[in-house]
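>>> whatever this is, show me its structure:
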Amino acid sequence: MKLFHVVSRGVDRRKIFLDKSDYYRFIHDLFEFNDLAPALNIHYSFGKIMKSSDLRGRYLGEKREPRKLLVRVHAFCLMPNHYHLLLSPVAENGITSFMRKLNAGYAKYFNEKNEREGTLFQGRFKSVPIATQAHLNHILYYIHCNALDLFAPEWRNRERKKSPKGLMQLLDSYRWSSHGDYMGVKNFPSVTQRHFFLEYFEGSTGYSNSMEDWLKDFDFKREYEKAGGKKRWNIFLEDQN
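Numbers count the residues shown, from 1 in each chain. Alright, predicted model coming up:
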């Protein structure tokens, strides 16, 4: 299985998520567009799920034929002006096809909602293959820990304003990632395919314990240099700006 860390950000680093409904919509699109078939009645199905005040554990989408996946979405984290995905292709050219559908579909929704025109995303998405064991060992942690930039940005410099347990509590409170589902809390379980990494970490408890250990020992530059050198290092440096 080939894994890729995919990042897409707003043009000129503009915000692509302005309120809670935007985050819901994008997560809905992560599910709906991951299909070889065209997305049908997307406005109708999204309106139905938005009638609920709590989407935890809800099936995203109307009753439908089983999806033929373009990709496996192993993990995601949404940030105000960009997002991270951990993907593996299922169909031929699956990642390119999925990302084209996802970004175009969300941009159409966002522009219509905000009465704007033009490009929403900055060029083509960036995709980094997970090519080493060191990279595989920490990529899931890194993607989920991006949420800490909103609450405790010092985490990247290993400053100890919060303990690893305190950082874990912040991650647990952030809805717009797959961290909760890996912790065993049903958040958006239909969106991700978690079997590979849950087996890798020996379940949710193993994931939780190893995440906390990683936060204790994390050294940003050391880890990403180990993960594959300057080319891969650059994509992560951008997250600090």
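
>>> and the helix ranked longest in the chain, how far from the chain's centre?
For the chain, the longest helix by residue count, based on DSSP state H, is helix 94-114. The chain centroid and the centroid of helix 94-114 are separated by 15 Å under C-alpha atoms, centre = their mean, to the nearest Å.

>>> quick check: buried residues in that helix?
94-95, 97-99, 101-103, 105-107, 109-110 (16 or more other C-beta atoms under 10 Å). Every C-beta, even on glycine, is put in place using the N, C-alpha and C of the backbone.

>>> which segments of this structure make up each domain?
According to automatic domain parsing, the chain comprises the domains 4-127, 132-228.

>>> tell me how far the ends of the first one are from each other?
Here the two ends of domain 4-127 are set 6 Å apart, with distance taken as C-alpha to C-alpha, to the nearest Å.

>>> for stretch 154-168, buried residues please.
Quick answer for stretch 154-168 (16+ other C-beta under 10 Å): 155-156, 162, 164, 167-168.

>>> now stretch 187-198
187-194, 197.

>>> just the CA trace of it, in CSV.
Written as CSV, here are the backbone C-alpha positions of stretch 187-198 (Å, rounded to 0.1, in the frame of the first residue of the first chain):
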residue,chain,number,x,y,z
ASN,A,187,-16.9,11.7,15.5
PHE,A,188,-17.0,11.2,11.7
PRO,A,189,-16.4,7.5,11.5
SER,A,190,-17.8,7.0,8.0
VAL,A,191,-15.2,9.3,6.4
THR,A,192,-12.0,7.5,7.3
GLN,A,193,-10.6,4.0,6.8
ARG,A,194,-8.7,3.4,10.0
HIS,A,195,-8.1,-0.3,10.0
PHE,A,196,-4.4,-0.2,8.9
PHE,A,197,-3.3,2.3,11.6
LEU,A,198,-5.5,0.9,14.3
